[in-house]
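Peer 1: Predicted model, plus sequence, below.
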Amino acid sequence: MRRATTPTPARPALALALVLALGSCHRGRTQIVLRVDTDLAQGPGRELSELRLAVRAADEAEPRFERKDLLGIAELSAEEIELVLDTADSFCEVATRPIKKVPTLRGKTVLNLFFEASTRTRSSFEIAEKRLSADSVNFSSSGSSLSKGETIMDTALTLEAMAPDIVVIRHSHPRVPHMLAARLDSSVVNAGDGAHEHPTQALLDALTIRHHKGRIEGLNVSIVGDIEHSRVVRSNLHLLTKLSANVTLAGPRTSTPERWESFCSTASPVSRTRAVNCWRPGSPASAEKVT
């Protein structure tokens, strides 16, 4: 499947939003102490009152991403998806500044674990981390203890002992990010796990659609290519149906599942209540509709 290149600044902005959301999701209540001088009388009798007001963080009134990890689109609600996209929209402006840097995640450490080759995704996260003033560490499996037989979990636990705040991982095997998220205290971002999901790419695709079309709800979206083996297709199917788009999947017989119903139902529970049209060569002229 040939993937169109998404123009900047959308790609770094989306990564900025994800890193920001997970980097700030565990902020607790903030206590603000106000000191008030009350002049009750001249000279003696002057009294100093201290008012302590326990208030929530300044942005707590706004919608917040409350999850520890971002492992897939399937588990997100439409509201959470919209929140990430809205945040990414606001960060597009950062890329147009002469100095493309904000101090939002100063003092946070982000660990990038890429066990597959990556250009766009890896560079997007690295740029996002630097623009948010986070300290980023790039891990390479070649030359590490993995080549001596150390397991991924042992490697991850060793690295977590250095107290990273966020771990971004891409791996060729499905659900490796889920395994790490269950054992690590750090927030985990799935940057692609085998043929399972690629949530960050689906969010970026949705952001691009919104920039060009202004909305996603009610749009007719066709995805053509390797349907059965593509993690991007699965994540896009989750996302587009959650945001009420009408999705058509099409591809050659060798790259489409034998049972569309099984593919769509496992891709997203929401797909069973949204219109998903599936077509491949040899099928009837009218597309098979899976609900």
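Peer 2: Yep, that arrived. Since this is a predicted model, take the numbers as computed values, not measurements.
Peer 1: so where is the stretch 51-200 of the chain shaky, pLDDT-wise?
Peer 2: Low-confidence segments of the stretch 51-200 of the chain (pLDDT under 70): 51-63, 143.
Peer 1: If we use 80, what do you get?
Peer 2: Residue ranges of the stretch 51-200 of the chain with pLDDT under 80: 51-64, 140-149.
Peer 1: which residues in it form helices?
Peer 2: According to DSSP state H, counting those that start in this stretch, the stretch 51-200 of the chain carries its helices in the segments 78-91, 120-131, 152-160, 176-183, 199-213.
Peer 1: The ones you listed: which one's closest to D193?
Peer 2: Nearest to D193 among these is helix 176-183; the distance by CB to CB comes to 5.3 Å. Heads up, the C-betas are built off the backbone N, CA and C, glycines and all.
Peer 1: before we move on, back to that, K100: which of the helices of the stretch 51-200 of the chain is closest?
Peer 2: Here helix 120-131 is closest among the helices of the stretch 51-200 of the chain (CB to CB), at 5.4 Å.
Peer 1: relative to helix 78-91, how tilted is that closest one?
Peer 2: 60 degrees (axes from the mean of the first three to the mean of the last three CA atoms, to 10 degrees).
Peer 1: Report the inter-axis angle for helix 120-131 versus helix 199-213.
Peer 2: 80 degrees.
Peer 1: buried residues in helix 120-131?
Peer 2: For helix 120-131, a neighbour-count test (16 or more other CB atoms under 10 Å) marks 121-122, 124-129, 131 as buried.
Peer 1: Same question for stretch 149-163.
Peer 2: Buried-residue list, stretch 149-163, by 16+ other CB under 10 Å: 152, 155-156, 159-160.
Peer 1: any residues touching it, and which ones?
Peer 2: Stretch 149-163 has contacts (CB atoms under 8 Å, 6 or more residues apart in numbering) with 109, 111, 113, 115, 139, 144-146, 167, 171, 176, 179-180, 183-186.
Peer 1: Which of the three states applies to the residue nearest to L240 when sequence neighbours are not counted?
Peer 2: Nearest non-adjacent residue to L240, counting by CB to CB, 6 or more residues apart in numbering: V247, 5.1 Å away. Assigned by DSSP: H, G, I helix; E, B strand; the rest coil, the conformation of V247 is strand.
Peer 1: V247 contacts I223, correct?
Peer 2: Yes: under the criterion of CB atoms under 8 Å, V247 makes contact with I223 at 6.8 Å.
Peer 1: With that, I have no additional questions.
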